[in-house]
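S.K.: What shape does this take:
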Amino acid sequence: MITRREGILAMLFGSGMLGLRALATGLPASFLLNPRRALADNQTPMCGSNAQAQYIIFNTSGNGDPINASVPGTYEDPNIVHSSDPTMAPTSLTIGGQSYMAAAPWAALPQTVLDRTCFWHLMTNTPVHPKEPDVLKLMGTTVAGEMLPSLLAKQLAPCLGTIQAQPISLGATTPSEGLSYGGAPLPIIPPLALKATLTSAAGPLTNLQPLRDQTLNQLYALYKNGASPAQQAYIDSLVTSQTQVRNINQGLLNMLTSISDSTANSQILAAVTLIQMKVTPVIAIHIPFGGDNHRDIGLAAETAQTVSGVATIATLMQELASAGLSDQVTLMSLNVFGRTIGPGNTDGRQHNQNHQVSITIGKPFKGGVIGGVAPFQGDYGATAIDSKTGTGSTSGDVQPLGSLASFGQTMLAAVGVAPALISSDVSSGTVITGALA
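M.R.: Coordinates of the predicted model:
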């Protein structure tokens with residue numbers, strides 16, 4: 001029987017620790033898996049990288065958090081109820097050259113972050129918590145019932161040269177937040193388990209330098225005799241030096257040892273570490289934003305978790321910048337539903353199947369507010385969207401019922417997936433080009 005530690009290592013790094021050898025050498029796992037075939041197939045043996053490809057940190061919650069109650073696009077109508085706490089005071093911010101009002105925490109994000117932030121007013125068309133997997137499958141519009149995180153991962157893995165295509169979930173708190181890939185459920189790796197596996201004295205990160213030398217020695221004959229000069233030059237440009245390996249080792253260990261729990265901030269540290277190790281293109285986390293707040297007196301939990309949630313996003317952006325990953329990683333969010341925001345919602349909110357707000361922050365997006373809200377069925381719902389501008393409009397070509405599929409199509413387009421593949425992955429919807437940089 002294998003231990004839990006061995007199981008996690010095998011899942012992260014593959015058979016024969018392929019991923020660790022890729023990390024130690026700088027050579028893509030696909031090349032190390034079969035270098036003879038890679039050299040025979042291509043003049044430069046590694047997959048050509050799509051310039052738009054991004055790693056994705058995917059925030060998702062089955063709680064139906066009230067993100068939609070504090071963001072730009074919900075402050076124009078005075079009948080919409082917001083937290084009255086001073087820390088959530090309506091504050092002006094600028095996105096994409098336009099001025100909006102939002103709760104103060106959002107306005108505190110650095111302008112460089114806001115310039116890449118989109119707030120998406122969407123309709124998920126379900127008020128049921130366990131329907132979270134269906135929402136991630138874009139309510140029946142994805143090929144073979146694949147989840148959006150898995151569609152993204154499948155398309156991005158070859159371009160990013162990751163160890164695996166399967167996403168990794170770090171923060172699922174309920175079964176409904178678990179991910180699947182190809183119809184198979186994926187395990188959850190809490191940050192503390194990742195830390196325990198990778199930072200022990202006999203952990204894999206302690207042997208990167210000898211593993212580098214061993215792997216390169218094994219490749220030497222093939223490299224010298226089987227590669228053209230152009231291939232040799234390309235391989236040389238990728239190989240990590242011994243000094244770089246030492247720096248990688250220390251940097252990863254420092255980040256992992258600072259993990260003390262499995263909260264959202266620790267999930268972020270774990271996610272950035274996994275991206276630096278090129279384990280997977282997509283990592284799922286859970287940042288609390290108010291939860292299932294039916295009896296939230298004075299909207300106290302909503303207030304506290306919105307403040308902490310936005311602060312967590314700010315921390316993520318700081319960590320990415322420190323790691324030199326700001327242009328290579330996008331944050332996406334998608335929850336099962338939003339919350340009622342009409343009059344009467346001052347001591348808790350109810351489920352709202354007609355309005356959910358997603359957030360994207362990354363290089364592929366130009367900052368803005370996509371869609372909007374309007375009175376609907378006694379509360380508020382998402383409006384139609386003009387796909388060319390991204391604005392909410394009664395004459396928009398993306399109707400509320402089609403906004404979820406259109407969000408999925410736009411996420412695929414943002415990371416460089418070809419139009420033909422987008423339409424085969426998501427059977428309906430329209431790419432909202434007005435959101436793309």
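
S.K.: Now do the buried residues in the top helix by length along the chain.
M.R.: Among the segments of the chain that qualify as a helix by DSSP state H, the longest is helix 300-322. Residues 301-313, 316-317, 319-320 are the ones in helix 300-322 that count as buried (16 or more other CB atoms under 10 Å). Any C-beta I mention is one placed from the backbone N, CA and C, and that applies to glycine too.

S.K.: before we move on, what about stretch 10-21?
M.R.: Buried residues in stretch 10-21, counted by 16+ other CB under 10 Å: 11-14, 17-21.

S.K.: got the CA coordinates for that stretch in PDB?
M.R.: Only the C-alpha atoms of stretch 10-21 are listed here, as PDB (Å, rounded to 0.1, in the frame of the first residue of the first chain):
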ATOM      1  CA  ALA A  10       2.800  10.700  -7.700                       C
ATOM      2  CA  MET A  11      -0.100  12.900  -8.400                       C
ATOM      3  CA  LEU A  12       2.000  16.100  -8.500                       C
ATOM      4  CA  PHE A  13       5.100  14.800 -10.300                       C
ATOM      5  CA  GLY A  14       4.000  11.700 -12.200                       C
ATOM      6  CA  SER A  15       5.700   8.400 -12.600                       C
ATOM      7  CA  GLY A  16       9.400   8.400 -12.100                       C
ATOM      8  CA  MET A  17       9.200  12.000 -10.600                       C
ATOM      9  CA  LEU A  18       9.000  13.300 -14.100                       C
ATOM     10  CA  GLY A  19       7.800  16.700 -12.900                       C
ATOM     11  CA  LEU A  20      10.700  17.000 -10.400                       C
ATOM     12  CA  ARG A  21      13.200  16.300 -13.200                       C
END
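
S.K.: Next secondary structure after the lowest-mean-pLDDT helix or strand in the chain?
M.R.: Using mean pLDDT, DSSP states H and E, helix 35-41 stands out as the lowest-scoring helix or strand of the chain, at a mean of 78. Per DSSP states H and E, the first helix or strand lying C-terminal to helix 35-41 is strand 55-59.

S.K.: The very next helix or strand once past that next one - contacts with which helices or strands?
M.R.: Using DSSP H and E, the helix or strand that follows strand 55-59 in sequence is strand 90-95. Helices and strands touching strand 90-95, by 3 or more CB pairs under 8 Å, 6 or more residues apart in numbering; DSSP states H and E, are strand 98-103, helix 104-107, helix 111-114.

S.K.: Can you show me the CA trace of stretch 137-150 as PDB?
M.R.: Included here for stretch 137-150 are C-alpha records, laid out as PDB according to Å, rounded to 0.1, in the frame of the first residue of the first chain:
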ATOM      1  CA  LYS A 137     -20.200  22.700 -16.600                       C
ATOM      2  CA  LEU A 138     -21.900  25.900 -17.800                       C
ATOM      3  CA  MET A 139     -25.300  24.400 -17.300                       C
ATOM      4  CA  GLY A 140     -25.100  21.700 -19.900                       C
ATOM      5  CA  THR A 141     -23.300  23.600 -22.600                       C
ATOM      6  CA  THR A 142     -19.800  22.000 -22.300                       C
ATOM      7  CA  VAL A 143     -18.500  19.100 -24.400                       C
ATOM      8  CA  ALA A 144     -19.000  15.700 -22.600                       C
ATOM      9  CA  GLY A 145     -20.100  17.600 -19.400                       C
ATOM     10  CA  GLU A 146     -16.500  18.800 -18.800                       C
ATOM     11  CA  MET A 147     -16.100  21.600 -16.200                       C
ATOM     12  CA  LEU A 148     -14.800  25.000 -17.300                       C
ATOM     13  CA  PRO A 149     -11.600  24.600 -15.200                       C
ATOM     14  CA  SER A 150     -10.900  21.300 -16.900                       C
END
